[in-house]
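Student: I'll drop the sequence and a predicted model, then ask my questions.
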Amino acid sequence: MAFLALLEQLGPDERAAFLLKDVFDYDYPQIAPLLEHSQANCRQLVHRARQRLQAGKPRFAVSPGQHRDLLTRFMHASQAGDQAAIRALLHANAEMISDGGGQVTAAIRPLLGAERIAQLYWAIARRNGAHPARIGQVNGEPAILRFQGDQLHSVTLVGIDDGRIVRVLSVLNPEKLTGLVTARGAGASSW
């Protein structure tokens, strides 16, 4: 599953060239006719694929405005527990990782798949009601800040590729959240 998630970072030609060369051990004279590219172009496709996989960068860059818009829509959908809206915003193979630090309830293992993530947010909204939320900034990235009374309850960041959310990272660990509040007071972090 992790290997498939890595391959999602590659375009179709890069993915095919990479798999043929590095997984199936084909030579460039064998790859070129299969992909209908020159041998030199196939070498370049494999080279770019390796670089992209090592860097862990998404295939498509997203503008700050698009990131904020998608995050805002995700915030509203998750607050309402709207499974259909959440699934529409998530990549089918999206991953959710949460950190409760063993002190608060959080998913123990990463949650994989848009359907499972949507079900979790539906259950949270139904069981607990939505914590008031707003968009802020953490570590220079847009984030969902959820509150319980005046206290910061959680911070959620998302990774986006090709117009869809591919990763949801939620921090609920009170010790880490206290660190954010302290950093905010010291001016080290803006939100």
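Tutor: Structure's in. What do you need?
Student: hey, let's count contacts and neighbours off CA atoms from now on
Tutor: Fine.
Student: mean confidence score for stretch 70-89?
Tutor: Throughout stretch 70-89, pLDDT has a mean value of 95.
Student: who touches Val46 in this structure?
Tutor: If a contact means C-alpha atoms under 8 Å, 6 or more residues apart in numbering, then Val46 has Glu14, Ala17, Phe18, Lys21 as its contacts.
Student: so what pLDDT did the most centrally placed residue in the chain get?
Tutor: What sits nearest the mean C-alpha location of the chain, by C-alpha atoms, centre = their mean, is Arg167, with 1.8 Å. If you check Arg167, the pLDDT there is 88.
Student: Gln79: neighbour count?
Tutor: Using other C-alpha atoms under 10 Å, Gln79 is surrounded by 20 other residues.
Student: show me the contacts of Val46 that map onto helices.
Tutor: Mapping the contacts of Val46 onto helices (DSSP state H) picks out Glu14, Ala17, Phe18.
Student: if we can go back for a sec, which one among the contacts of Val46 gets closest to Leu157?
Tutor: Taking C-alpha to C-alpha as the measure, Leu157 lies nearest Glu14 of the contacts of Val46, at 28.5 Å.
Student: look up how far Asn41 lies from that closest one.
Tutor: Here the distance between Glu14 and Asn41 works out to 10 Å (C-alpha to C-alpha, to the nearest Å).
Student: need the contact list for Ile108.
Tutor: Ile108 is in contact with Ser98, counting by C-alpha under 8 Å, 6+ apart.
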